[in-house]
Structure formats: C-alpha cells, structure tokens
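1. pasting the sequence and the predicted coordinates here, then a few questions.
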Amino acid sequence: MLGFKKKGTRQAEPAVYVTFYTTAESFAFASACQSAGVAGRLVTIPRCLSAGCGMAWRAPVDERPRIEALIAADALEHEDICVLES
C-alpha cells in the first residue's frame with residue numbers, strides 16, 4: 001500500500017442543509033444568518049441533494065428552529081430545508 005496510512009475517521013454528525021435557487025439567495029441568507037448569530041456556513045451542495053445554484057447553508061441540527069424563524073421573520077428566499085445524517 002505505498003506507505004499511506006489511513007487517518008482516523010471522524011464520525012459525521014447530522015446537519016441541516018438549506019438549499020437555494022440562486023447564488024444571490026444563498027449570499028443573502030448567509031449574511032442574514034451571520035447578522036443574527038446563527039451558526040453555520042455556505043458549502044457546496046452534497047451529491048445526494050439537488051438545488052438550483054449548487055450552494056447550501058450547513059448548520060448544526062439544533063439551529064433548525066432559529067433558521068426557520070429567521071426565514072419566516074425576514075422572508076428569506078430558499079429552495080428547501082433538510083437534515084442529512086452524514
């Protein structure tokens with residue numbers, strides 16, 4: 001095996017993904033979340049999901065209620081919200 005050692009794998013935790021139709025929506029959403037102190041970051045969309053712009057907001061599962069409240073309060077555009085286990 002060419003001397004490569006497999007590094008320890010970490011257990012992936014479930015995460016909330018918010019998907020968007022456009023890149024502009026994803027940037028506006030990220031800005032609103034950062035202003036409101038909602039944990040998370042913009043990531044490229046996982047292969048198992050499909051979205052218009054290829055970007056998603058990834059956050060810990062416990063942030064979902066805050067994310068949904070922010071979407072409702074600020075009328076933020078998004079495509080979908082889902083939880084992925086890995």
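-> On my side now, so go ahead.
2. wait, is A30 part of a helix?
-> Yes. Counting by DSSP: H, G, I helix; E, B strand; the rest coil, one finds A30 located in a helix.
3. contact partners for it?
-> Contacts were defined as C-beta atoms under 8 Å, 6 or more residues apart in numbering; by that measure A30 touches 41-42, 57. Backbone N, C-alpha and C define where each C-beta goes, glycine included.
4. likewise for F20?
-> With contact taken as C-beta under 8 Å, 6+ apart, F20 is in contact with 26, 29, 51-53, 55-56, 77-79.
5. if you rank the contacts of A30 by neighbours, which is first?
-> Neighbour count (other C-beta atoms under 10 Å) singles out W57 as the most crowded of those, with 24 neighbours.
6. check the offset of the host helix or strand of it from the chain's centre.
-> Assigning secondary structure by DSSP states H and E places W57 in strand 55-60. Centroid separation between strand 55-60 and its chain, computed with C-alpha atoms, centre = their mean, to the nearest Å, is 1 Å.
7. hey, what's the one residue sitting closest to the centre of the chain bridged with?
-> For the chain, the residue lying nearest the average C-alpha position, counting by C-alpha atoms, centre = their mean, turns out to be R58 (1.9 Å). In this entry, R58 is beta-bridged to Y17, R41, by DSSP bridges.
8. re earlier: which one of the contacts of F20 sits closest to R66?
-> In terms of C-beta to C-beta, no member of the contacts of F20 lies closer to R66 than F29, at 12.8 Å.
9. from E85, how far out is the closest one?
-> Relative to E85, F29 is positioned 23 Å away (criterion: C-beta to C-beta, to the nearest Å).
10. which of these two has more neighbours?
-> Neighbours of F29 and E85, each counted by other C-beta under 10 Å, are more numerous for F29; the result is 25 against 8.
11. make TSV from the contacts of F20 and add distance to A36 and pLDDT to it.
-> Listed next are the contacts of F20 as TSV, based on distance: C-beta to C-beta, whole Å; pLDDT from 0 to 100:
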residue	distance to A36	pLDDT
S26	16	94
F29	11	96
A51	22	73
G52	24	83
C53	21	88
M55	19	93
A56	18	94
E77	16	92
H78	15	93
E79	20	92
